[in-house]
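Participant: Structure for this input, please:
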Amino acid sequence: MKQKFDVAGMGCAMCVAAVEKAVKALDGINEVNVSLIENSMIVDYDEGKVSADLITEAVDKAGYKASLPAEKAEEPQKKKKRLFF
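Facilitator: Purely as a prediction, here's the structure:
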């Protein structure tokens with residue numbers, strides 16, 4: 001399964017490497033791609049061996065904060081009032 005995670009606390013390439021290393025150490029991880037620019041990672045993993053909770057826990061133990069992306073609620077567009085003079 002491929003899953004995207006938000007990752008907070010990264011500021012450099014060393015941070016990216018630390019997050020990747022922490023996640024790759026888990027049994028059942030097939031691939032990890034961490035993006036410093038997007039503050040996220042995509043993890044391909046075997047759901048029978050590892051869970052999203054274990055992945056976020058591994059990142060947390062490495063000193064960063066991982067979470068599943070929150071669903072962005074669409075804000076209703078506010079009607080703009082036009083003033084005519």
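Participant: Could you list the low-confidence segments of the chain?
Facilitator: 71-85 (pLDDT under 70).
Participant: Helices of that one, residue ranges please.
Facilitator: Ranges of helices in the chain, per DSSP state H, are 13-24, 52-61.
Participant: Tabulate those helices in JSON lines, adding columns for distance to Phe5.
Facilitator: C-beta: built from backbone N, CA, C; applies to glycine. Listed next are these as JSON lines, based on distance: least, Cβ to Cβ, whole Å:
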{"stretch": "helix 13-24", "distance to Phe5": "9"}
{"stretch": "helix 52-61", "distance to Phe5": "7"}
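Participant: So which of the ones you listed is nearest Gln3?
Facilitator: helix 52-61 (6.0 Å; Cβ to Cβ).
Participant: quick one: that closest one to helix 13-24, angle?
Facilitator: 140 degrees (axes from the mean of the first three to the mean of the last three Cα atoms, to 10 degrees).
Participant: Quick check: buried residues in helix 52-61?
Facilitator: For helix 52-61, the neighbour count (16 or more other Cβ atoms under 10 Å) marks Ala52, Leu54, Ile55, Thr56, Ala58, Val59 as buried.
Participant: Distance to Val34 added to the residues you listed, as a markdown table?
Facilitator: Conversion of the buried residues of helix 52-61 to a markdown table gives the following (distance: Cβ to Cβ, whole Å):
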| residue | distance to Val34 |
| --- | --- |
| Ala52 | 16 |
| Leu54 | 17 |
| Ile55 | 12 |
| Thr56 | 14 |
| Ala58 | 13 |
| Val59 | 10 |
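Participant: close enough to count as contact, Cys65 and Met41?
Facilitator: No Cys there; residue 65 is Lys. No - look at Lys65 against Met41 with Cβ atoms under 8 Å: they stay out of range, at 11.9 Å.
Participant: Just want to know which of these two has more residues nearby.
Facilitator: Met41 (24 against 15; other Cβ atoms under 10 Å).
Participant: Would you confirm that that one contacts Ala66?
Facilitator: Yes - when contacts are counted by Cβ under 8 Å, Met41 is listed as touching Ala66 (7.3 Å).
Participant: shared neighbours, Lys65 and Met41?
Facilitator: Residues touching both Lys65 and Met41 by Cβ atoms under 8 Å, 6 or more residues apart in numbering: Val7.
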